[in-house]
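> need a structure here:
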Amino acid sequence: MATDQIVAAVDIGGTKIAAGLVSREGRILAQSACPTLPEQGFEAAMQRTAALLQECVQQTGAQPAAVGIGCTGPVDPLSGVLGEVNLLPGWQGSNLSQALSVRLGLPAALENDADAAALAESAFGSGRGARSFLLVTVGTGIGVGTVLDGRLYRGTGGAHPEAGHMVIEPGGLPCTCGARGCWEAYACGPAMEAWFNQCRSGHSAEVGWDSRQICAAADAGDVNALAAVGREGSYLGLGLANLITCFCPDAVALAGGLMERFDLFETRIHTVIQANCRFVPLEQVRLLRAQLGSQAGLLGAAQTWWNAQA
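Numbering: from 1, shown residues only. Reported below is the predicted structural model:
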């Protein structure tokens with residue numbers, strides 16, 4: 001395989017760094033991972049990352065032409081510099097692209113991890129063939145990546161739009177961003193858990209339930225769990241309705257840990273979307289589950305490089 005068809009891919013999260021080699025056709029040739037351990041510092045993490053990639057090269061004998069990086073945000077994709085990333089304390093201002101480029105002797109490109117995953121789903125997964133595509137990741141937070149005409153949409157100065165922080169309940173619950181009433185504060189996984197456990201606290205002194213337990217309880221007919229699932233579906237639907245009204249996309253895909261149980265939320269999501277999207281051709285918008293699962297991180301990191309060259 002020609003070396004210009006292989007990219008070294010790096011996916012950096014708050015707890016884990018994954019690295020691998022990816023072909024232009026979207027095949028992961030080799031991969032490895034290590035803990036992020038952000039408290040040990042940026043330079044130590046970069047050394048571990050470079051070692052992971054060198055291990056992948058040794059396994060395959062393939063020589064990558066470049067490095068593509070997806071990292072929990074905010075990041076500046078134009079300069080390669082990390083912003084104030086809550087999950088990576090002390091890394092602010094570090095140049096991630098430059099650090100890996102120097103260590104590996106390869107050019108590098110960087111994107112926010114939600115944008116990188118959107119690029120992967122657009123190229124290889126649920127968004128393939130869509131002219132306009134949104135990937136909504138629902139997990140610890142809510143991230144939205146937007147691909148229009150095959151190109152990643154960026155805002156002014158290359159900024160990643162933060163749709164998870166659009167306000168849907170003015171003056172509502174406080175959000176980690178400092179505002180009140182954000183979509184993320186109502187519809188992310190921890191928001192559902194917090195609401196359910198608050199409802200349940202008057203009936204039990206047990207440790208709080210996580211989203212998997214809540215979903216399992218909803219399957220079994222638990223009244224509080226069913227109410228939590230219904231509330232979650234309503235708030236997810238409200239935010240999605242706003243996105244559909246603003247972008248009129250061909251397709252919207254849902255990813256993240258909570259969406260592994262999309263079946264529990266789907267009916268309520270559709271009901272709310274239909275009630276709130278009155279002036280757009282809603283019947284032409286496809287609402288899908290994301291397809292790439294755990295592969296999205298590395299495929300998105302690789303696609304970050306190819307997108308930068310387009």
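> which residues of the protein fall in strands?
In the chain, the strands defined using DSSP state E lie at 6-12, 16-23, 28-35, 66-71, 75-76, 81-82, 108-112, 132-138, 142-148, 151-152, 251-255, 286-289.
> Ala45 is nearest to which of these?
Closest of those to Ala45 is strand 16-23, at 6.6 Å (criterion: Cβ to Cβ). All C-beta spots, glycine's among them, are computed from the backbone N, C-alpha and C.
> what comes up buried for the closest one?
17-22 (16 or more other Cβ atoms under 10 Å).
> pLDDT and distance to Gly61 added to these, as TSV?
Converted to TSV, the buried residues of strand 16-23 look like this (pLDDT from 0 to 100; distance: Cβ to Cβ, whole Å):
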residue	pLDDT	distance to Gly61
Ile17	96	23
Ala18	97	21
Ala19	98	17
Gly20	97	15
Leu21	98	10
Val22	97	15
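> list just the nearest of these to Leu87.
Of all those, Leu87 sits closest to Ile17, with 11.9 Å by Cβ to Cβ.
> now for that closest one: which residues touch it?
Listed by Cβ atoms under 8 Å, 6 or more residues apart in numbering, the contact set of Ile17 reads 10-11, 33-36, 45, 48-49, 52.
> Ile142 now?
By Cβ under 8 Å, 6+ apart, the contact set of Ile142 is 136, 163-164, 183-184, 187-188, 239.
> what about 7 Å?
The neighbourhood of Ile142, defined by Cβ atoms under 7 Å, 6 or more residues apart in numbering, consists of 136, 164, 183-184, 187-188.
> now, which of these sits nearest Ala66?
In terms of Cβ to Cβ, no member of the contacts of Ile142 lies closer to Ala66 than Val136, at 28.4 Å.
> quick one: pLDDT of the closest one?
Model confidence at Val136, given as pLDDT, is 96.
> touching, it and Val144? I think so.
Yes. The criterion here is Cβ atoms under 7 Å, and Val136 meets it with Val144 at 5.2 Å.
> state the mean pLDDT of stretch 79-99.
Here the average pLDDT along stretch 79-99 is 93.
> if we can go back for a sec, what subset of the contacts of Ile17 is buried?
10-11, 36, 45, 48-49, 52.
> okay, those in JSON lines with pLDDT and distance to Glu111 next?
Shown next, in JSON lines, are these (pLDDT from 0 to 100; distance: Cβ to Cβ, whole Å):
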{"residue": "Val10", "pLDDT": "98", "distance to Glu111": "11"}
{"residue": "Asp11", "pLDDT": "96", "distance to Glu111": "11"}
{"residue": "Thr36", "pLDDT": "95", "distance to Glu111": "18"}
{"residue": "Ala45", "pLDDT": "97", "distance to Glu111": "18"}
{"residue": "Arg48", "pLDDT": "97", "distance to Glu111": "21"}
{"residue": "Thr49", "pLDDT": "97", "distance to Glu111": "16"}
{"residue": "Leu52", "pLDDT": "97", "distance to Glu111": "19"}
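> contacts only, for the residue nearest the centre of the chain.
Centroid-nearest residue in the chain: Ala114, 3.5 Å away (criterion: Cα atoms, centre = their mean). Taking Cβ under 7 Å, 6+ apart, we find Ala114 in contact with 137, 143-145.
> please apply the same query to Glu169.
Going by Cβ under 7 Å, 6+ apart, Glu169 touches 181, 186.
> gap between it and Ala275?
Distance, Glu169 to Ala275, using Cβ to Cβ, to the nearest Å: 17 Å.
> that older thread, who has more neighbours out of Val136 and Val144?
Shown here are Val136 and Val144; by other Cβ atoms under 10 Å, Val136 has more neighbours (27 against 24).
> show me what the more buried one is bridged to.
Per DSSP bridges, the residues bridged to Val136 are Val144, Leu254.
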